[in-house]
Structures are given as C-alpha cells and as structure tokens.
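Trainee: Fold the following, please.
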Amino acid sequence: MLQNRTMAMLPTGDTTFMSITRAVQMWPILIDDSGRHWDARSLALRRLLRASLDDRELAQFAILNLGFIAVTSEGAGVRIRIRPAVAAPAALGALYLWLHKRSPRRAVVSWYDDRWHDEIIGWSKNGWQRLTAILECPKLPIRNFSRRRTSISRLPAENPLRHLLEDSSRAVRCVANPQSLPDLLRRRYVLLTEDGNGELRVSDFGSTMMSRSKWWRRQARGHRIDDMPDWSYGRWVGDAYREARETGRPLLEDVRAVIEWPEAGTFSHSYWRLIVPLVAAGQPTRLLGVTVDNGEIGVHKVG
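Mentor: Below you'll find the predicted structure:
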C-alpha cells in the first residue's frame, strides 16, 4: 500500500485542482490505492514506483496493475480511466468524492475488462447508478463481509440495542432526534437522509463513528454512505440501509467485516447493528443506524 510511504501529493481543493489540470494541458490526475492524488508526470511518483516507463505508459501500468484511477476535468465534463477488477477501495471512494465536488454534466468512462470499453454518461440522476454498474463488474474480488438478521433474544441482556428495540416509540423518536439516544449509542450512530434521487446521504453521526478516518469524518456529511474510504464496504453497508428503507421496518443484524481504513490499516470488526427507518408523508425518508461491538469477537487489526 502506498499510504505507508512519504509522498508529495497535490492539493485536492476545487480551485487548485482545476488550475493544475489546465496547466498540464489535460494530463490526468492519478488517484492511488490510498485515495491520494498525483500529477501523472510526477517525478516523486516515478521514484516511488521505481518506474522507467514514459509518462503515458506509467499511467497505463498503474491503472491496469496497481489499482490506480485516472481522472481529468474537461470543462463541463470529466474523463475517467479505470480497471474495476483491481481498483483499490480507497481509490474508488476518492473518485466518488472527487465527482461529488464537480457535479459534471457528463462523464467519459474508459474501463478495462480484458479489453478497453468507452462510454459517455450523461450526469443526470442516473449517472451515479450507471457508473456504479460499471464498477461492480463480476470480476471484482469477493470481500470478507457478512451480515445476517438476528432477533432481540440473541442480544446480551446488557446490550443497549435490546432496550431500544423494546421501546419502539422511543426508537422512532431517536430517528427524528439522535441526541435522545442513550449515551453509549449517541456516540455510535449514523443518520442517513434520502435525497430526491433516492440516494442515502450522511446527515449526522456520533463522536466515535468512523473514527479510524479523520479525513472521512470531515467529508462525510452530505455524501452518500456508499462513498466511504473502503468503497466495497461502503456499498455493502448501503445495501443494508436500502433493505431497511424498502421494508419500512427495523433491521437488527449480526455484522462481521474486514474493513480497509487508508489512514489506519485493515481491521476485522464484529458488531451488532440496528437500522430504524422513519417514513413520514411529505418528508424525506430518514434512517438511523446504531452499532454496538460484539464483545466476544471485537475489533483487531489484520493489516
């Protein structure tokens, strides 16, 4: 992983990024496997990869073999080059955040799956769905995630999720106002709100939620839950919230996952998760997710 080495990265603010892009006459920016941005002609990147290829060959090599993503901003559009089967989760998360900041009118996506494919995507409400469909190709590696529905009877007596489930009216009130949660759960919640396109966006979260990525905590509000730094994990978590939204009922699950946090490493995590939806006429759907670590297994670093 590149994040463990000393690097000279580009600033990622909108104005700086656009001015740099113009200065290099549409040379792409490379997003590496830790989600960081590089000038495609960077000597520092060339030294880091110990590469003797020319600039264009180096970009191609990094995309096809190292899980990098190339992005270029071109007026009202963007260009993306990617190999979905090897793209790093952190790079995918950074790509989605980069796109959120730009809201392009269209995207030209070139992706490799035994051969190169090209597609122009109009960036209407279906743009995100089409890009995600491209990225979720069948050759993506299977990740170590599992979630299964469980019942209140399987929760330890002292688990605060049990008490919340036993008082359904309180659970609904907590979706409207998460600060009314018990103290432990108030630190371990995430609140999502459905936007006009059906996407679930982060509205708020507790003080210890997603604490292994300070960068993501700064960025999270207003972004989709799918766009977490570990993109595969974010999509998988989003599926659980979408399931709860569709049923309109609380969803209690036993969750186990191996999660890549670019700033901290890879962790194996086991926890209980309760998702409570709130659907009110004339109001956007809200979903409150609260988690409690499974003390029998807990969290440990694996990479």
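Trainee: Give the buried residues for the lengthiest strand in the chain.
Mentor: Longest strand of the chain, by residue count under DSSP state E: strand 265-278. Using 16 or more other C-beta atoms under 10 Å as the burial criterion, the residues of strand 265-278 that qualify are 267, 268, 269, 270, 271, 272, 273, 274, 275, 276, 277, 278. All C-beta atoms are positioned from the backbone trio N, CA, C, and that covers glycine.
Trainee: what does stretch 112-132 give?
Mentor: Neighbour-count burial for stretch 112-132, counted by 16+ other C-beta under 10 Å, picks out 112, 121, 123, 127, 128, 130, 131.
Trainee: wait, what's in contact with the fourth one?
Mentor: Residue 127 makes contact with 107, 121 under the criterion C-beta atoms under 8 Å, 6 or more residues apart in numbering.
Trainee: again with the first one
Mentor: Contacts were defined as C-beta under 8 Å, 6+ apart; by that measure residue 112 touches 63, 64, 82, 83, 84.
Trainee: What strand or helix carries residue 108?
Mentor: When elements are defined using DSSP states H and E, residue 108 is found to belong to strand 106-112.
Trainee: Check what pLDDT residue 298 gets.
Mentor: Per-residue confidence for residue 298 comes out at a pLDDT of 53.
Trainee: Show me the helices in the stretch 1-150 of the chain, by range?
Mentor: Read by DSSP state H, counting those that start in this stretch, the stretch 1-150 of the chain holds these helices, from start to end of the chain: 14-23, 43-49, 55-65, 89-102, 127-135.
Trainee: relative orientation of the host helix or strand of residue 203 and helix 89-102 in degrees?
Mentor: Counting by DSSP H and E, the secondary-structure element that holds residue 203 is strand 200-205. Our comparison of strand 200-205 with helix 89-102, counting by axes from the mean of the first three to the mean of the last three C-alpha atoms, to 10 degrees, yields an angle of 90 degrees.
Trainee: looking only at pLDDT, what's the mean for strand 200-205?
Mentor: If you average the pLDDT values across strand 200-205, you get 95.
Trainee: tell me what that strand is packed against?
Mentor: Secondary-structure packing of strand 200-205 (3 or more C-beta pairs under 8 Å, 6 or more residues apart in numbering; DSSP states H and E): strand 189-194, helix 231-247.
Trainee: closest to residue 59 out of the ones you listed?
Mentor: Each of the helices and strands packed on strand 200-205 was scored for nearness to residue 59 using C-beta to C-beta, and the closest is helix 231-247 (20.7 Å).
Trainee: how about the closest one: buried residues?
Mentor: Residues of helix 231-247 classed as buried by neighbour count (16+ other C-beta under 10 Å): 231-238, 240-245.
Trainee: can you list the domains in this protein?
Mentor: Listed by automatic domain parsing, the domain ranges of the chain are 2-135, 145-301.
Trainee: Pick out the shakiest of those, pLDDT-wise.
Mentor: Ranked on mean pLDDT, the bottom entry among the domains of the chain is domain 2-135, at a mean of 75.
Trainee: Distance from the chain centre to that one, please.
Mentor: 16 Å (C-alpha atoms, centre = their mean, to the nearest Å).
Trainee: what are the phi and psi values for residue 184?
Mentor: Main-chain dihedrals, residue 184, degrees, to the nearest 10: phi -60, psi -40.
Trainee: quick one: it and residue 160 touch, right?
Mentor: Yes. Between residue 184 and residue 160 there is a contact under C-beta atoms under 8 Å: 5.3 Å.
Trainee: list residues touching both of these two?
Mentor: For the pair residue 184 and residue 160, residues contacting each of them under the criterion C-beta under 8 Å, 6+ apart are residue 292.
Trainee: When the two are compared, which one has more neighbours?
Mentor: Between residue 184 and residue 160, counting by other C-beta atoms under 10 Å, residue 160 is the more crowded of the two (18 against 14).
Trainee: what sits against the closest residue to residue 179 other than its chain neighbours?
Mentor: Nearest-residue entry for residue 179: residue 186, 6.5 Å, with adjacent residues in sequence omitted and distances by C-beta to C-beta, 6 or more residues apart in numbering. By C-beta under 8 Å, 6+ apart, the residues touching residue 186 are 178, 179, 206, 207.
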